[in-house]
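In: Have a look; sequence and predicted model below, questions after that.
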Amino acid sequence: MRGYVALILHAHLPFVRHPEHERFLEESWLYEAITESYLPLIQVLQGWRRDGIAARLTLTVSPTLCAMLQDPLLQSRYLRNLETQIELAERETHRTHWEKPFHELAEHYLRRFQELRATWLGCHSNLVAALREFQDHGFLEIITTAATHGLLPLLASHPSSIRGQILTARDDYRRCFGRDPRGIWLPECAYVQGLEQTLQDAGLRWFMVDTHGLLHASPRPRHGVFAPVFTPNGLAAFGRDLDSAKQVWSRDIGYPGDGRYRDFYRDIGFDLEFDYVRPALPSPDLRGFTGIKYHRIACDPDGNKQIYRREDAWRAADQHAGHFLGARIEQTHRLADILGRPPMLVCPYDAELFGHWWYEGPEFLDLFMRKAACDQDVFRLTTPFEYLRENPTQQVATPAESTWGEEGYYRVWLNETNEWIVPHLDVAMERMNSLARQFPDPSPLLRRALNQAARELLLAQSSDWPFILRTGTNPAYARQRVTQHLLRFIDLHEQITTTRVDEEHLATIESADNLFPGIDFRNWS
């Protein structure tokens with residue numbers, strides 16, 4: 001073996017749960033991700049186990065995503081959502097009976113949704129338990145991220161809040177997966193010097209930064225991003241390989257932009273009569289995605305979208321998997337000759353890209369892993385922790401402050417659209433630290449209130465809300481969520497400091513924001 005390749009998928013969604021509504025638009029983010037990304041990944045893993053494929057994959061499952069995947073209400077609602085998709089696909093097989101290309105696709109979707117329902121029920125509606133089993137059998141290294149995906153550098157002036165994010169995530173990982181996490185995906189790959197102490201306190205061994213975060217480390221890494229560095233306190237920092245990132249992410253040369261692949265935006269939820277598709281829409285009053293799409297990215301000479309052809313798309317995925325493999329082989333040979341040592345290529349992506357945004361992404365992943373495991377002997381598939389176990393000696397350096405967001409720093413999460421959040425969070429973080437120090441041994445009721453205050457602060461710190469405000473995809477909802485959690489925190493702070501906790505009101509908030517059952521407010525002291 002001349003080198004190593006590690007694929008890392010980051011699965012994360014913000015905590016969205018609205019039991020007060022029968023159907024809620026933003027809950028569809030979870031349902032779409034389960035149907036299009038998480039269940040297909042489970043099926044790919046099942047195939048590797050069935051066929052004895054020596055595949056290795058690293059997967060982040062964020063604590064907020066774990067909470068939603070384990071929530072009985074959301075589990076039941078997801079199954080109901082999937083059943084409506086099956087019913088719509090059945091009706092589509094009848095509607096398109098005399099239109100052969102569309103009819104074949106309608107039958108494809110009907111089979112696909114039925115297979116996904118069988119996989120969901122086969123996992124007993126608990127994908128976290130299914131993923132835990134794959135980790136226990138050696139197919140996965142599951143890592144964690146900050147509790148609510150808060151952008152940690154923006155919390156750096158309040159170290160207690162960084163501790164709260166990291167230690168809450170570690171404790172929740174223990175509950176979900178029965179062991180301690182070894183690695184962490186820093187939210188948005190955002191690093192600032194000083195995080196290492198809290199990561200070390202949590203027992204973590206490695207984290208990942210973007211390419212420039214490692215290239216600009218001090219001192220400069222001798223091997224660039226093709227080997228990790230150890231920070232002065234012994235944590236390993238891995239850098240993202242830019243070549244493999246461009247081949248997937250680039251809007252100009254990235255694989256998902258191939259014209260043979262399915263078009264994400266063209267959905268029958270927008271094309272057909274509203275009353276016909278209404279039962280399968282995320283919101284009963286608005287058009288939206290149903291998951292049934294009949295067109296590919298390519299257009300005809302008149303600019304009209306062409307009909308999607310499954311066999312062409314599968315052939316494209318096979319070709320791209322082969323190309324990706326060949327590129328990693330060539331890259332490994334070239335770097336091994338230059339570096340005089342086996343290079344480590346780290347390839348991180350959002351998990352939702354595979355399946356949700358790129359419908360054929362799970363097939364690409366499956367084909368690449370099978371080809372890499374069976375058709376070459378140049379590099380070894382590995383995970384960062386396995387690599388460190390085999391290569392315990394590395395250069396010592398401190399990464400540079402960085403993220404993998406726009407322009408490489410914090411512009412997405414701190415700009416004119418969302419800067420108003422920062423002073424409110426600063427006050428809340430200072431108050432949470434004060435509460436944790438003020439009540440070292442509270443009564444049971446007061447402890448519940450303190451723990452709920454910590455939950456509300458964590459939820460307000462989520463990087464998803466400033467991101468949505470910046471992109472403008474659903475700014476009203478993001479603003480509502482930040483405001484709601486800050487107001488709940490202020491209300492609880494007032495009750496706690498006057499020692500008059502309204503238990504009935506507290507129970508209502510606990511029922512609504514019910515994640516992190518083992519949270520400990522003392523992590524903020």
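Out: Looks like it arrived, so ask away. Numbering: from 1, shown residues only.
In: Tell me which helix or strand comes right after the strand ranked longest in the chain.
Out: Longest strand in the chain by number of residues, with DSSP state E as the criterion: strand 3-11. Counting by DSSP states H and E, the element after strand 3-11 in chain order, helix or strand, is helix 28-33.
In: CA atoms only: put the longest strand of the chain into PDB for me.
Out: This file holds the C-alpha atoms of strand 3-11, laid out as PDB (Å, rounded to 0.1, in the frame of the first residue of the first chain):
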ATOM      1  CA  GLY A   3      -1.200   5.500   0.800                       C
ATOM      2  CA  TYR A   4      -4.500   5.900   2.700                       C
ATOM      3  CA  VAL A   5      -7.900   7.300   1.800                       C
ATOM      4  CA  ALA A   6     -10.600   8.300   4.400                       C
ATOM      5  CA  LEU A   7     -14.100   9.200   3.400                       C
ATOM      6  CA  ILE A   8     -15.900  11.200   6.000                       C
ATOM      7  CA  LEU A   9     -19.700  12.000   5.800                       C
ATOM      8  CA  HIS A  10     -21.200  14.600   8.000                       C
ATOM      9  CA  ALA A  11     -24.900  14.000   8.800                       C
END
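In: quick one, domains of this structure?
Out: 3-70+126-252+310-407, 257-307, 412-524 (automatic domain parsing).
In: about what we covered before: tell me the average confidence for the longest strand of the chain?
Out: The pLDDT scores in strand 3-11 average 97.
In: May I have the strands that pair with it, each with its orientation?
Out: Here strand 3-11 has these sheet partners by DSSP bridges: strand 57-61 (parallel), strand 344-350 (parallel), strand 379-381 (parallel).
In: same for the lengthiest helix in the chain, what does it pack against?
Out: Counting residues, the longest helix found in the chain (DSSP state H) is helix 310-339. The elements that helix 310-339 packs onto, with contact taken as 3 or more CB pairs under 8 Å, 6 or more residues apart in numbering; DSSP states H and E, are strand 3-11, helix 100-122, helix 242-249, strand 344-350, helix 361-374, strand 379-381. Where you see a C-beta, it was placed from the backbone N, CA and C, and this is true even at glycine.
In: deepest of those, which one?
Out: When those are scored by mean count of other CB atoms under 10 Å, the highest mean neighbour count falls to strand 3-11 (a mean of 23).
In: give the contact list for the residue of the chain positioned farthest from its centre.
Out: Within the chain, the residue lying farthest from the chain centre (CA atoms, centre = their mean) is Trp98, at 40.9 Å. The contact partners of Trp98, by CB atoms under 8 Å, 6 or more residues apart in numbering, come to none.
In: The one 5 residues further on now?
Out: With contacts taken as CB under 8 Å, 6+ apart, His103 has the following neighbours: 93, 96-97.
In: From those, keep the buried residues only.
Out: 93, 96 (16 or more other CB atoms under 10 Å).
In: returning to what we had before: which of the domains of the chain is buried the deepest?
Out: For the domains of the chain, the highest mean count by mean count of other CB under 10 Å goes to domain 3-70+126-252+310-407, at a mean of 20.
In: what's the span of that domain, first residue to last?
Out: Using CA to CA, to the nearest Å, one end of domain 3-70+126-252+310-407 lies 30 Å from the other.
In: Same question for stretch 302-309.
Out: One end of stretch 302-309 to the other measures 19 Å (CA to CA).
In: So which of the contacts of His103 are in strands?
Out: Among those, DSSP E puts none in strands.
In: From the contacts of His103, pick the one nearest Thr64.
Out: Relative to Thr64, the closest of the contacts of His103 is Thr93; by CB to CB it sits at 36.9 Å.
In: show me the contacts for the closest one.
Out: By CB under 8 Å, 6+ apart, the contact list for Thr93 reads 103, 106-107, 110.
In: measure it to Pro517 for me?
Out: 43 Å (CB to CB, to the nearest Å).
In: Please apply the same query to His295.
Out: Noted for His295: a distance of 44 Å to Pro517, by CB to CB.
In: And for Arg111?
Out: Between Arg111 and Pro517 the computed distance is 38 Å (CB to CB).
In: again with Leu13
Out: Look at Leu13 and Pro517: by CB to CB, they are 19 Å apart.
In: follow-up on the earlier one: ok, which of the strands paired with strand 3-11 comes nearest Lys371?
Out: Here strand 379-381 is closest among the strands paired with strand 3-11 (CB to CB), at 10.7 Å.
In: Distance from the closest one to the middle of the chain?
Out: Computed by CA atoms, centre = their mean, to the nearest Å, the chain-centroid distance of strand 379-381 equals 24 Å.
In: Name the nearest residue to Pro517, sequence neighbours excluded.
Out: Of all residues not flanking Pro517 in the chain, Arg175 sits nearest, at 7.4 Å (CB to CB, 6 or more residues apart in numbering).
In: so who does Leu381 touch?
Out: Leu381 neighbours (CB under 8 Å, 6+ apart): 4-7, 54-56, 369, 372-373.
In: and the contacts of Thr93 as a markdown table, adding distance to Leu65 and pLDDT?
Out: Listed next are the contacts of Thr93 as a markdown table, based on distance: CB to CB, whole Å; pLDDT from 0 to 100:
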| residue | distance to Leu65 | pLDDT |
| --- | --- | --- |
| His103 | 36 | 97 |
| Ala106 | 31 | 97 |
| Glu107 | 32 | 97 |
| Leu110 | 28 | 98 |
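In: Which single one of the residues you listed is nearest to Thr471?
Out: Distance to Thr471, by CB to CB, is smallest for Ala106 among the contacts of Thr93, at 32.9 Å.
In: Give me the mean pLDDT for stretch 314-326.
Out: Mean per-residue pLDDT for stretch 314-326: 97.
In: Pull the distance from that stretch to the chain's centre.
Out: Using CA atoms, centre = their mean, the offset of stretch 314-326 from its chain centre is 24 Å.
In: which phi and psi does the residue nearest to Lys293 when sequence neighbours are not counted have?
Out: Once flanking residues are discounted, Lys293 sits nearest to Asp267: 5.1 Å by CB to CB, 6+ apart. For Asp267, the backbone dihedrals are phi -130, psi 150 (criterion: degrees, to the nearest 10).
In: pretty sure Asp267 is in contact with Phe289, am I right?
Out: Yes - contact criterion CB atoms under 8 Å: Asp267 and Phe289 qualify, at 4.8 Å.
In: wait, Val16 sits on Tyr31?
Out: No - between Val16 and Tyr31 there is no contact under CB under 8 Å: 10.4 Å.
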